[in-house]
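[1] got a predicted structure here, sequence first:
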Amino acid sequence: MTQRWVLDEIVDPFGAKVLVERDAAGAVSSARFDLAGLPRVDALLAGQPVTGVPNLVEKLCGICPAAHHLAGVRALEALAGSPELTPTAKAVRALLHYGSALETHAPRLISTDRETALAMRRFGKAAMAAAGSPGHFPTTAIPGGVKTAVSPESRDGLAATAAELLTQLVAVAVKQLQTPSTLPAYAGADVALVDPGASPDLLGERVRAVAASGATILSGASASAWDGLVAEQYVGAPAPRPYLVALGPDHGRYRVGPMAQLRVGDLTTPIAAGLQRDWLAQSGDAGGARAIMTVHAVEAIIALLDAPELISGEPTVEVGPCAPESVGVGWVDGPRGLLVHRYQTGADGRLTAAQILTPTAQNEPWLADLLLSAAAGSTAALDLEDAVREADPCLPCSSAPVGGMGLQVDIVSADGGY
């Protein structure tokens, strides 16, 4: 029997609205990015058979499909007891994930360095294809591993152009570091996935949180502890205002993404690590952080291309059935930051609930702070664009050239009028 979903609202993916509120004296009292037009897709998964979830998750998001693909499969693996993956499966998934990060970040360079942007996108697409996902929506991972290892020919093709791309991206990062941010410092925490040594790991199995002061809030918690780590202030809302449970809703705001990744620990790839030290020394912005993470991605891919397990070895391990009436959490650190899939099963092999917490939802409070600071000087759409680019919501407007974002600014008075 075929199931048909009917969506009763058409969402414009290019639409972007900022709501600015003025107090009785006319001063800007608040500003926020309107997420009301981006309904959560969690409900699309609730009630679905567990066996059909991977095919649905592949197409949940057209902007960060690889991140959703991997997070969803990891959540299913958690429901099946979190089997230890083979080295080949880990290597192929990492190639897909790093390639997807490069493809995602490439459009931001089109207006300033078209040649590098196109090279970056080509390389990212080639890495994803080598990992078994030649189309826009990835199909690489399956519960227990990946469908196949990388072919020697695909590996050699990537190796032939990797060094040149790395040189180009280092130049972009150095140039970006020469343009310091004019936006305000963030007072909340930074959250990112890490490896056992507390270094940023985009496919890490532990999460780390660091306060603006540098103090450690979470040293490294596993996905199984998620329900006790983060809660939504407005459960199920497009803008849920998540917070760190340890600090409470008033003080537990946090951000995710490249800036958080650079602040939680030292990168493991040498060139990116050197750029990270320069970025930290000058309190760099999100543009610089993204540039450094692209360098890190290419360095990580170069290391993977030298790993024999990438092209040989067992791609999967046997996975048992998903446990009934249980919870499984899967996550990845995507190009825009931490993405979490939380699935709950019933006794009948179906999902009774699903929660998907995107980087955009987690960064919405930070973006509100940035917009408030910018709007205090000017509420013109052009003057608010930098704030939106800094937090990088999952919308095409984030990569638009200067003046092309198309922001709609609605100003509301204290009495609720326009």
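    Received the coordinates, thanks.
[2] chain center to the lowest-mean-pLDDT helix or strand in the chain, what's the gap?
    None of the helices or strands of the chain scores lower by mean pLDDT, DSSP states H and E than helix 53-57, at a mean of 74. Taking CA atoms, centre = their mean, to the nearest Å, one finds the center of helix 53-57 at 18 Å from the center of the full chain.
[3] export it as PDB, just CAs?
    Presented in PDB, the C-alpha positions along helix 53-57 are these (Å, rounded to 0.1, in the frame of the first residue of the first chain):
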ATOM      1  CA  VAL A  53      13.300   5.300   8.200                       C
ATOM      2  CA  PRO A  54      16.700   5.300   6.300                       C
ATOM      3  CA  ASN A  55      14.900   6.000   3.000                       C
ATOM      4  CA  LEU A  56      12.900   8.800   4.500                       C
ATOM      5  CA  VAL A  57      15.800  10.500   6.300                       C
END
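[4] so what touches it?
    Helix 53-57 has contacts (CB atoms under 8 Å, 6 or more residues apart in numbering) with 44-45, 48, 68-69, 71-73, 76, 141-143, 341, 343, 351. Any C-beta I mention is one placed from the backbone N, CA and C, and that applies to glycine too.
[5] which of those residues fall in helices?
    68, 69, 71, 72, 73, 76 (DSSP state H).
[6] which one of those has the most neighbours?
    Taking other CB atoms under 10 Å as the neighbour criterion, residue 71 ranks highest of the ones in helices among the contacts of helix 53-57 with 29 neighbours.
[7] surely residue 137 meets residue 63?
    No: with contacts counted by CB atoms under 8 Å, residue 137 stays clear of residue 63, the gap being 11.5 Å.
[8] the more surrounded of the two?
    Shown here are residue 137 and residue 63; by other CB under 10 Å, residue 63 has more neighbours (19 against 16).
[9] ok, which stretches of the protein are strands?
    In the chain, the strands defined using DSSP state E lie at 17-22, 28-33, 141-142, 145-146, 189-194, 206-210, 216-222, 230-232, 242-244, 254-255, 327-334, 337-345, 351-357, 408-412.
[10] buried ones in the first one?
    Translated: strand 17-22. Within strand 17-22, the residues that count as buried by 16 or more other CB atoms under 10 Å are 18, 19, 20, 21, 22.
[11] any idea what the last one is bridged to?
    In this case it means residue 22. The residues paired with residue 22 through beta bridges, assigned by DSSP bridges, are residue 28.
[12] per-residue pLDDT, it?
    The model reports residue 22 with a pLDDT of 91.
[13] measure it to residue 375 for me?
    Relative to residue 375, residue 22 is positioned 9 Å away (criterion: CB to CB, to the nearest Å).
[14] what do the two both touch?
    Both residue 22 and residue 375 are in contact with residue 28, where contact means CB under 8 Å, 6+ apart.
[15] where are the low-confidence patches of the stretch 1-150 of the chain?
    For the stretch 1-150 of the chain, residues meeting the criterion pLDDT under 70 lie at 1-15, 37-39, 58-62.
[16] what do you get if the cut-off is 80, keeping everything else the same?
    Residues of the stretch 1-150 of the chain meeting the criterion pLDDT under 80: 1-15, 36-44, 51-64, 111.
[17] picking up where we left off before, including distance to residue 177, could the strands of the chain go into a markdown table?
    Supplementary listing: the strands of the chain in a markdown table, determined by distance: least, CB to CB, whole Å:
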| stretch | distance to residue 177 |
| --- | --- |
| strand 17-22 | 28 |
| strand 28-33 | 27 |
| strand 141-142 | 35 |
| strand 145-146 | 36 |
| strand 189-194 | 19 |
| strand 206-210 | 21 |
| strand 216-222 | 26 |
| strand 230-232 | 31 |
| strand 242-244 | 30 |
| strand 254-255 | 20 |
| strand 327-334 | 22 |
| strand 337-345 | 21 |
| strand 351-357 | 31 |
| strand 408-412 | 31 |
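[18] ok, so what distance separates the residue lying closest to residue 162 once chain neighbours are set aside from residue 209?
    Distance criterion CB to CB, 6 or more residues apart in numbering; nearest residue to residue 162, sequence neighbours excluded, is residue 302 at 5.1 Å. Per CB to CB, residue 302 is found 30 Å from residue 209.
[19] that older thread, which members of the buried residues of strand 17-22 are the farthest-apart pair?
    With distance counted by CB to CB, no two of the buried residues of strand 17-22 lie farther apart than 18 and 22, which are 13.3 Å apart.
[20] now the longest helix belonging to the chain: buried residues?
    As assigned by DSSP H, the longest helix anywhere in the chain is helix 152-177. The neighbour-count criterion (16+ other CB under 10 Å) identifies 154-155, 157-158, 162, 165-166, 168-170, 172-173, 176-177 as the buried residues of helix 152-177.
[21] in a markdown table, list the residues you listed along with pLDDT and distance to residue 194.
    Shown next, in a markdown table, are these (pLDDT from 0 to 100; distance: CB to CB, whole Å):
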| residue | pLDDT | distance to residue 194 |
| --- | --- | --- |
| 154 | 98 | 29 |
| 155 | 98 | 28 |
| 157 | 97 | 31 |
| 158 | 98 | 26 |
| 162 | 98 | 25 |
| 165 | 98 | 26 |
| 166 | 98 | 24 |
| 168 | 97 | 28 |
| 169 | 97 | 23 |
| 170 | 97 | 24 |
| 172 | 95 | 26 |
| 173 | 96 | 22 |
| 176 | 92 | 24 |
| 177 | 93 | 24 |
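[22] hmm, which two among those residues are most spread apart?
    The two members of these with the most space between them (CB to CB) are 154 and 177, at 33.2 Å.
[23] quick check, the residue nearest to residue 162 in contact with residue 163.
    Yes: counting by CB under 8 Å, a contact exists between residue 302 and residue 163, whose distance comes to 7.4 Å.
[24] can I see the domain layout of the chain?
    Following automatic domain parsing, one gets these domains for the chain: 84-179+285-318, 189-267.
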